[in-house]
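> Please find the sequence and the predicted model below.
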Amino acid sequence: MSYPDPSYFAAEGEVSATYRPAGQEAELTMGAGGTRVSHLATGATTSGRFGLYRWEMGPKPSGPSAHFHRTMSESFYVLSGTIRLFDGDKWIEATPGDFLHVPEGGIHAFRNESGAPASMLLHFAPGAPREAYFEELAEIAASGGRLSPEEWNAIFLRHDQYMV
């Protein structure tokens, strides 16, 4: 493994960091469980290198079914509470400090079934526009929309989400 080819060629460094204070409001609230999603770093802000999101789940059960992605890896880092992580083989009761990395094609899922709030970081590489997918899910939940299997499949296909 080696360093990638340079992507910055100026002779001097530049001031270009992005700061997000801890108290900043989440960009999105989704579902009956009130999951809050904070867009810490989107693919648009990282030149497509990665996306990082804070996922704060309420005490009601929530989380996607088993799925995989063809174009990106996904990683999970538990910040608080207990989150069930599926590694493609078994469910793991993950607690603060636990980490799971899933490469492209790896089957995975996550759920909060603890009855208490829980939070984690979700990291996608490269930085696909996952916020569009999260926003679409939030809109469907807020409207009480009932989608057909064909409509769900179209959404999943558009967002590199292949259900197992």
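Happy to help now that I have it.

> any idea how far residue 30 lies from residue 129?
To residue 129, residue 30 is 16 Å away according to C-beta to C-beta, to the nearest Å. C-beta coordinates here come from the backbone N, C-alpha and C atoms, glycine included.

> now do residue 107
22 Å.

> do the same with residue 29
Taking C-beta to C-beta, one finds residue 29 at 19 Å from residue 129.

> still on that earlier bit, neighbour-wise, which of residue 30 and residue 129 wins?
residue 30 (22 against 16; other C-beta atoms under 10 Å).

> Tell me the secondary structure of the residue nearest to the more buried one when sequence neighbours are not counted, please.
Closest residue in space to residue 30, ignoring its immediate chain neighbours: residue 138 at 3.7 Å, by C-beta to C-beta, 6 or more residues apart in numbering. Under DSSP: H, G, I helix; E, B strand; the rest coil, residue 138 falls in the helix class.

> dump the residue contacts of residue 55.
By C-beta atoms under 8 Å, 6 or more residues apart in numbering, the contact set of residue 55 is 35-37, 119-122.

> Filter the residues you listed down to just the ones in strands.
Judged by DSSP state E, strands contain the following of the contacts of residue 55: 35-37, 119-122.

> Show the pLDDT at the residue sitting nearest the centre point of the chain.
Compute the mean C-alpha point of the chain, and by C-alpha atoms, centre = their mean the closest residue is residue 122, 4.1 Å away. Note for residue 122: predicted pLDDT of 98.

> who does it bridge with?
Counting by DSSP bridges, residue 122 is bridged to residue 53, residue 76.

> Check residue 162 too.
residue 68.

> low pLDDT regions in this protein?
Residues of the chain meeting the criterion pLDDT under 70: none.

> what would the contacts of residue 55 look like in JSON lines with distance to residue 156?
Formatted as JSON lines, the contacts of residue 55 follow (distance: C-beta to C-beta, whole Å):
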{"residue": "35", "distance to residue 156": "18"}
{"residue": "36", "distance to residue 156": "23"}
{"residue": "37", "distance to residue 156": "18"}
{"residue": "119", "distance to residue 156": "25"}
{"residue": "120", "distance to residue 156": "22"}
{"residue": "121", "distance to residue 156": "23"}
{"residue": "122", "distance to residue 156": "17"}
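
> Among these, the buried ones, what's the ChimeraX command?
Those of the contacts of residue 55 that count as buried under 16 or more other C-beta atoms under 10 Å are selected in ChimeraX with:
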select :35,36,37,119,120,121,122
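
> ok, so of the contacts of residue 55, who is nearest residue 14?
The closest of the contacts of residue 55 to residue 14 turns out to be residue 121 (C-beta to C-beta; 26.8 Å).
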